[in-house]
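Student: Build me a model:
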Amino acid sequence: MFDIGFWELGLLMVIALLVIGPERLPKVARTVGLLLGKARGIVRSVKADVQRELAAEELKQTLSKQAESNPLHEIIEETRSVASDAKSSLDEASQSLRDTGLKDEDRPSPPKSDSGP
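Tutor: Predicted coordinates for the structure are as follows:
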């Protein structure tokens, strides 16, 4: 987090010893350490939250792209189109057969049997 070398840390400890005094220095050092630990925890938590949000947003974008280019949806639409075309062709053929079908007077009468009563 901070780029502090050994000599800078030693100089800070000497200054702290002179300013705070030898009696209160351990207590202040402990308090500073606890505060730094809490600060690191907060930074870590915020960083994890941001990463989770970014991952969630990326997942949403991926899902929306997949929904737009869903090959299964395209196959279903193509199948519906083919089925609709086939149904219309069958309806046309059925209507054509009805229109060209034999009328009642054109149909041959059933054969009469020669065996009488």
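Student: okay, CA-based contacts and neighbour counts for the rest of this
Tutor: OK.
Student: Where does the prediction get shaky in the chain?
Tutor: Where the chain drops to pLDDT under 70, the residues are 1-2, 101-117.
Student: Pull up the gap between Pro22 and Ala29, please.
Tutor: As defined by Cα to Cα, to the nearest Å, Pro22 lies at a distance of 11 Å from Ala29.
Student: Then Arg80?
Tutor: Noted for Arg80: a distance of 75 Å to Ala29, by Cα to Cα.
Student: same deal with Ile4?
Tutor: 16 Å.
Student: In terms of neighbours, single out the busier of the two.
Tutor: Comparing Ile4 with Ala29 by other Cα atoms under 10 Å, the one with more neighbours is Ala29, at 13 against 9.
Student: quick one: the more buried one from Val14, how far?
Tutor: Between Ala29 and Val14 the computed distance is 13 Å (Cα to Cα).
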